[in-house]
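Enquirer: Provided below for reference: sequence and predicted model.
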Amino acid sequence: MIDPEGYRLNVGIVLCNDAGRVFWARRIGMRSWQFPQGGMRSKESPEEAMFRELYEETGLLRRDVEVIGRTRGWLRYRLPERYIRRDSVPLCIGQKQIWFLLRLKAREDRIRLDLGRRPEFDAWRWVEYWQPVREVVYFKREVYRQALAELGELLIQGSVPIDPKSFLTARGRF
């Protein structure tokens, strides 16, 4: 779905473990890494899209995770000109995303990258909370920074152990 301004409606997923590290996945056939994310279907709520994308990209089910929270509103990024497909209708100029923060409740061996119709990832690892902001493709960095800053506040208040000092100090670097 693309909104009237040209933004594709999308959900992003930050999956963390009990140590406060986040799931980081490598796109198939590429050197780029990212969080799981995907487009919303017509009449699908952000939460429904998130659980569908979670399964398609990681093999995890609703029972395997705890939803800690989500961003209050949409976060947007524009695509660089060279990635805009001018011949597509409607024209998509970027993505508009609701981001979710999840905690893995199941064992790590439940994570499967090969269950979706077209797998998107071929490898994954746990990384420090702010590492994705430094490593994601340049045009997504600000959205990642915004999402992690907003969702990180929930980690500090919640049940996942994260050192508030290192979180707040690191946040200032991005």
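Expert: Done, it's in.

Enquirer: How about residue 73, nearest residue that isn't a chain neighbour?
Expert: Using CB to CB, 6 or more residues apart in numbering and skipping the chain neighbours, the partner closest in space to residue 73 is residue 98 (7.8 Å). Where you see a C-beta, it was placed from the backbone N, CA and C, and this is true even at glycine.

Enquirer: which residues touch the one you found?
Expert: Residue 98 sits next to 10, 11, 12, 46, 50, 70, 71, 73, 74, 75 when contact means CB atoms under 8 Å, 6 or more residues apart in numbering.

Enquirer: Please identify the helix or strand for it.
Expert: Using DSSP states H and E, the element containing residue 98 is strand 94-104.

Enquirer: The residue nearest to residue 73 and residue 109, how far apart?
Expert: 29 Å (CB to CB, to the nearest Å).

Enquirer: tell me the contacts of the closest residue to residue 108 other than its chain neighbours?
Expert: In space, residue 108 comes closest to residue 17 once its chain neighbours are excluded; the distance is 7.8 Å by CB to CB, 6+ apart. Going by CB under 8 Å, 6+ apart, residue 17 touches 23, 103, 104, 108, 126.

Enquirer: Can you name every helix or strand that the strand or helix carrying residue 26 contacts?
Expert: Counting by DSSP H and E, the secondary-structure element that holds residue 26 is strand 22-27. Using 3 or more CB pairs under 8 Å, 6 or more residues apart in numbering; DSSP states H and E as the contact test, the elements touching strand 22-27 are strand 7-16, strand 33-34, helix 46-58, strand 121-127, helix 131-135.

Enquirer: Check which residues of that strand are buried.
Expert: For strand 22-27, burial by neighbour count (16 or more other CB atoms under 10 Å) applies to 22, 23, 24, 25, 26.

Enquirer: Many thanks, have a good one.
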